[in-house]
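[1] for reference, the sequence and a predicted model appear below.
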Amino acid sequence: MITSAIPSASPSEPRLISLIQKKPRSRRLKKKLVPSPLVKSLYRKELLLIQQNLEVKNGREREVLWQLLRFVVWFNKESKKTDFDATAAGVRARSLLERFGGIWIKVGQLISLRNDAFPIEFCDELSKLQHRAVGFPVQIARRIIEKELGKSIGEVFQSFDDIPIAAASICQVHRGVLADGSEVAIKVQRPDVDNLFEVDMQVFRRVITWLDRFKIMEPVRWKDGLEELKFMMREEVDFRYEADNNRRMRKSLKKHCIYVPYVHQKLSTRRILVMEFLHGVLMSDFLEAKKQSPNLVQDWLYKNNIDPEKVGRRLYGTAMRQLLEDNLFHADLHPGNIMLLRNNRLALIDLGTIGQLDYEFLTLYKLSQKVMVSGDLGQAVDLGLRLCPEIPAVNLDALRRDLVICYRKWMSQARLKGLSFKEKSMTAASQDAARVMYAYGIPASWTLLRVTRTWSTLDASLKELINDVNYIDLMKRYFKAAQKRENHPNNITKRMHKGMADAVDAQASYSVLQAPLMRRQALTYSMGPGKASSFAASLFGLISILLFLIGLAFVLALGTRHSVIIDGALSHIPIAYDLVDSIPEFSIPMFITFSIISFILSFWARKMKVNFAAVELDK
């Protein structure tokens with residue numbers, strides 16, 4: 001290991017510069033969770049390959065375009081043959097895209113999701129795509145760090161390792177120690193990334209245009225794929241996104257007992273990211289060691305109090321919880337982004353890509369998973385079809401029947417012991433269903449494919465951690481635990497307050513968005529324009545009065561329970577007193593909240609009455 005010795009600051013200088021954050025011990029991983037080493041060296045031999053010339057070649061655009069066209073023509077010709085070897089084609093495509101690097105890794109990963117349009121074996125090979133571990137000279141890395149921070153390396157770091165511990169076509173990672181003694185990992189972006197991104201996006205845009213123009217594999221929705229790629233790469237090439245992702249995920253995953261490394265926000269910029277260095281064991285190293293030295297791994301598991309099955313269940317549980325409860329999930333859970341800690345604990349790293357779903361999609365997806373577990377496959381299919389961006393004119397009964405058959409087949413296989421993991425995995429069910437829909441010309445949502453990719457990358461770990469995994473059992477366990485969390489008293493109170501606030505926002509949005517539509521519909525009502533608007537005005541006037549009275553009732557109910565004067569005054573009106581007394585007991589904040597909501601809705605109904613009255617006058 002080559003380490004650059006950095007002289008300490010003179011006594012006259014402050015020990016810590018203003019850029020460096022003083023990090024409390026609570027922000028560091030507890031020592032009792034740090035496992036003993038499993039892999040002797042953190043450094044990979046292939047990282048010794050350093051690329052000296054970082055200039056983007058003038059002919060790169062032409063070369064990439066030509067190589068892609070050659071492959072597309074070859075693939076189109078070979079795939080029509082009866083003896084077509086999809087695996088070999090996938091290996092060839094993977095080799096080509098890895099040689100291009102940059103965004104082409106992401107392009108291949110996106111295409112690997114489309115096992116509805118391409119052979120499964122071909123997609124499986126593309127899913128193995130990895131960035132080539134080629135670093136760049138440390139002098140350039142130092143120059144980038146100093147330029148971004150506006151300080152020399154010696155002013156920020158006690159030590160800085162010249163040899164990168166990881167590298168990809170977008171960045172490389174160095175290890176260092178800050179002035180306060182904190183061990184950190186420094187992620188440095190390659191200097192040629194922006195130029196590569198611009199050139200490669202232009203090539204991919206051309207390819208998409210041709211595919212779209214000649215209507216090649218229309219259900220794939222290539223233009224949507226282009227937008228998905230733009231979104232992914234925007235986060236990849238700007239480390240500020242990853243810094244923010246770390247901050248948010250660190251907060252949400254704390255409730256899951258999942259660790260996320262601390263990011264030094266003041267030392268992180270668009271091109272560098274400085275975060276806590278974790279002394280854990282990568283899941284990828286664990287899986288490799290398990291193949292090479294199973295006895296050594298068993299000793300290591302015992303010494304560190306790790307039960308693979310418990311780890312697997314925890315990993316699945318947190319993935320489901322991130323997706324369905326937090327709506328903030330790690331979207332790239334391959335083994336290289338998961339770390340094993342002592343006592344069955346886990347850490348997640350490399351949060352450059354996280355996912356969030358819109359409310360309607362999340363609700364439909366969650367319901368589809370719930371009814372799937374309950375065995376209502378027909379409803380699961382109906383909900384799944386609503387996740388599709390569009391459904392052409394097809395025989396829906398036949399489509400529904402074929403999809404139910406797919407899910408029934410998967411559910412029967414998932415319970416069987418002795419079957420291969422591939423046959424029992426959730427990815428298998430998704431693949432079969434996607435191929436059925438593609439046969440009917442129904443495009444898959446790229447949002448759903450992003451979720452599917454999360455599960456497919458997680459499969460690589462689960463199949464080694466849980467013996468003879470039963471996904472239905474895992475899903476039932478998750479939903480049972482989720483129900484317990486939902487019914488916890490603290491969560492019920494939070495949900496009530498949130499529900500009230502959402503109700504007010506929803507009504508406000510409804511009045512803004514729907515009032516013009518309601519007015520137009522009222523004008524075409526069967527009773528005629530004049531009668532319709534008059535009827536609507538009267539109806540909203542009545543609703544306004546009722547809501548106002550309800551709000552007043554809550555105010556009086558609060559008064560009778562907490563004021564002797566109001567209670568005595570209202571007792572002289574028996575009907576009103578009995579009505580107010582019949583209102584259930586609530587806390588003071590709840591009474592006030594209900595009153596405010598009633599008055600707001602009353603005001604909104606009165607406003608609607610005025611709007612429809614104005615229509616009547618216009619007539």
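    Received, thanks. Numbers count the residues shown, from 1 in each chain.

[2] next, Val381: phi, psi?
    Main-chain torsions, Val381, degrees, to the nearest 10: phi -70, psi -40.

[3] same deal with Asn327?
    Phi and psi for Asn327, reported as degrees, to the nearest 10, are phi 50, psi 40.

[4] surely it meets Leu357?
    Yes: between Asn327 and Leu357 there is a contact at 6.0 Å, judged by Cβ atoms under 8 Å. For every residue, glycine as well, the C-beta is placed using N, CA and C.

[5] which one of those two has more residues nearby?
    When Asn327 and Leu357 are compared on other Cβ atoms under 10 Å, the one with more neighbours turns out to be Leu357, at 20 against 16.

[6] contacting residues around the more buried one?
    Contact analysis of Leu357 by Cβ atoms under 8 Å, 6 or more residues apart in numbering lists Leu323, Asn327, Tyr365, Thr447, Val451.

[7] same thing but at 6 Å, please
    Shown in contact with Leu357 (Cβ atoms under 6 Å, 6 or more residues apart in numbering): no residues.

[8] one more: Met249?
    Shown in contact with Met249 (Cβ under 6 Å, 6+ apart): Val260, Leu351.

[9] and Ile186, how many residues sit next to it?
    Residues near Ile186, counting by other Cβ under 10 Å, number 28.

[10] same question for Glu486.
    11.

[11] got the phi and psi for it?
    Torsion angles, degrees, to the nearest 10, at Glu486: phi -70, psi -30.

[12] for Gln322, see how far away it is.
    Separation of Glu486 from Gln322 (Cβ to Cβ, to the nearest Å): 16 Å.

[13] can you check Gly551 too?
    Gly551 sits 40 Å away from Gln322 when distances are taken as Cβ to Cβ.

[14] who's more crowded, the two?
    The residue with more neighbours, out of Gly551 and Gln322, is Gln322; 24 against 20, by other Cβ under 10 Å.

[15] which residue is the nearest non-sequential neighbour of the most centrally placed residue in the chain?
    Nearest residue to the geometric centre of the chain (Cα atoms, centre = their mean): Gly355, 1.9 Å. Distance criterion Cβ to Cβ, 6 or more residues apart in numbering; nearest residue to Gly355, sequence neighbours excluded, is Ala331 at 4.1 Å.

[16] what is the neighbour count of the one you found?
    Neighbours of Ala331 using other Cβ under 10 Å come to 20.

[17] surely it meets Thr452?
    No: using Cβ atoms under 6 Å, Ala331 is not in contact with Thr452; the gap is 10.8 Å.

[18] how about the nearest residue to Leu301, chain neighbours excluded?
    Here the nearest residue to Leu301 in space, its sequence neighbours aside, is Pro308; by Cβ to Cβ, 6+ apart that works out to 7.0 Å.

[19] pretty sure the one you found contacts Ile466?
    No: Pro308 is beyond contact range of Ile466, at 7.4 Å (criterion: Cβ under 6 Å).

[20] need phi/psi at the residue nearest to Gly355.
    Here Ala331 shows phi and psi, under degrees, to the nearest 10, equal to phi -100, psi 10.

[21] quick one, what contacts it?
    Thr353, Ile354, Gly355, Thr454.

[22] ok, now with 7 Å
    Residues counted as contacts of Ala331 (Cβ atoms under 7 Å, 6 or more residues apart in numbering) are Thr353, Ile354, Gly355, Arg450, Thr454.

[23] nearest to Gly418, out of these: which one, please.
    Proximity of those to Gly418 was ranked by Cβ to Cβ; the top entry is Thr454 with 27.3 Å.

[24] contacts for the helix or strand that contains the closest one, please.
    Assigned by DSSP states H and E, Thr454 falls within helix 446-465. Helix 446-465 is contacted from outside by 113, 127, 224-225, 228, 283, 287, 290, 308-309, 311-312, 315-316, 319, 323, 329, 331-335, 338, 355, 357, 361, 365, 387, 421, 425-427, 430, 469, using Cβ under 7 Å, 6+ apart.

[25] in this structure Val156 contacts Glu146, no?
    No: counting by Cβ atoms under 7 Å, Val156 sits too far from Glu146 to count as a contact (8.6 Å).

[26] who has more neighbours out of the two?
    More neighbours surround Val156 than the other of Val156 and Glu146, with 25 against 15 (other Cβ under 10 Å).

[27] for Leu387, list the residues it contacts.
    Phe361, Leu364, Tyr365, Ser445, Leu448.

[28] and which of these is nearest Ser95?
    When those are compared for distance to Ser95 (Cβ to Cβ), Leu448 wins out at 29.1 Å.

[29] one step back: mind checking pLDDT for the residue nearest to the centre of the chain?
    At Gly355, the model reports a pLDDT of 85.

[30] picking up where we left off before, which of the contacts of helix 446-465 fall in strands?
    For those, the ones inside strands are Phe329, Ile338, Gly355, with DSSP state E as the criterion.

[31] show me the contacts for the last one.
    For Gly355, the contacting residues are Phe329, Ala331, Arg450, Thr454, by Cβ under 7 Å, 6+ apart.

[32] if we use 10 Å, what do you get?
    Going by Cβ atoms under 10 Å, 6 or more residues apart in numbering, Gly355 touches 322-323, 327-332, 447, 450-451, 453-454.

[33] mind checking how far stretch 595-615 is from the chain centre?
    40 Å (Cα atoms, centre = their mean, to the nearest Å).

[34] what do you get for stretch 98-108?
    Computed by Cα atoms, centre = their mean, the chain-centroid distance of stretch 98-108 equals 22 Å.

[35] could you give the mean pLDDT of that stretch?
    81.

[36] with stretch 190-209 instead?
    82.

[37] with stretch 129-144 instead?
    The average of the pLDDT scores along stretch 129-144 is 80.

[38] if we can go back for a sec, take the contacts of helix 446-465 and keep only those in helices.
    224-225, 228, 283, 287, 290, 308-309, 311-312, 315-316, 319, 361, 365, 421, 426-427, 430 (DSSP state H).

[39] write the ChimeraX selection for whichever of those are buried.
    Buried residues within those, by 16 or more other Cβ atoms under 10 Å, are selected in ChimeraX with:
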select :224,225,228,283,287,290,308,311,312,315,316,319,361,365,421,426,427,430
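
[40] coming back round to it: most neighbours, which of the contacts of Gly355?
    His330 (27 neighbours).

[41] would you mind measuring from that residue to Arg175?
    23 Å.

[42] Leu558 too?
    Counting by Cβ to Cβ - Leu558 and Arg175 are separated by 62 Å.

[43] can you check Ala319 too?
    Going from Ala319 to Arg175 by Cβ to Cβ gives 29 Å.

[44] please apply the same query to Gly59.
    Per Cβ to Cβ, Gly59 is found 37 Å from Arg175.

[45] who's more crowded, these two?
    Arg175 (21 against 9).

[46] can you read off the pLDDT for the residue nearest to Leu301?
    For Pro308, pLDDT reads 95.
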